[in-house]
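Engineer: I need the structure of the sequence given here:
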Amino acid sequence: MGKLNEICEIEVIYKRPAIASMESIKEAEDIVEVFRKLITDEKIDHKEFFLVALLSRHNHVLGVAKTSVGSTNGTVVNIKEIFQLAIKTNSCGIILCHNHPSGNLKPSENDISITKKIKEACTLCEISLLDHIILTSEGFYSFINDL
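Structural biologist: As a prediction, the model looks like this:
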């Protein structure tokens, strides 16, 4: 049997933003405004983006990460990356977001499936999945009642 490589030290470093600079989320419209700053009108109908907002215990936005950029038909969601970000930032909650370039606000079967998988992983990690938003240039859909 071969010799195992010993990991001597792993260090996680993260400095949260000052509370006064963080946006506070009280309802879906608040986070939609944050996401629309990252998926602009010029890009929203061009290709699909997947983002995650990382939140404190009091629903202050610690940060937002664009985890995937795809095509007009979809994008690949890396669940592991979402949780790396959430754990590294010591997030208590996350809100997911992606856009539909087609303009259709109805969640696809893939949208529903990935939301369920992420919710299950959130439960294991004691992180709240607060919402999943689908954006179009005309509006948004919130999964809040489906979680």
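Engineer: So, low pLDDT: which residues of the protein?
Structural biologist: By pLDDT under 70, the low-scoring segments of the chain are 1-2, 4-5, 7-12.
Engineer: Just give me the residue right at the centre of it.
Structural biologist: Of all residues in the chain, the one closest to the mean position by C-alpha atoms, centre = their mean is residue 52, 1.7 Å from it.
Engineer: In the protein, spot the helix with the most residues.
Structural biologist: helix 109-125 (DSSP state H).
Engineer: Contacts for the helix or strand following that one, please.
Structural biologist: Using DSSP states H and E, the helix or strand that follows helix 109-125 in sequence is strand 128-135. Here strand 128-135 makes contact (C-beta atoms under 8 Å, 6 or more residues apart in numbering) with 25, 28, 31-32, 35-36, 39, 44, 55, 59, 92-100, 105, 107, 111, 115, 118-119, 122, 140-144, 147. From N, CA and C alone the C-beta is placed, and that goes for glycine too.
Engineer: Can you get me a residue count around residue 64?
Structural biologist: Residue 64 has 20 neighbouring residues, counting by other C-beta atoms under 10 Å.
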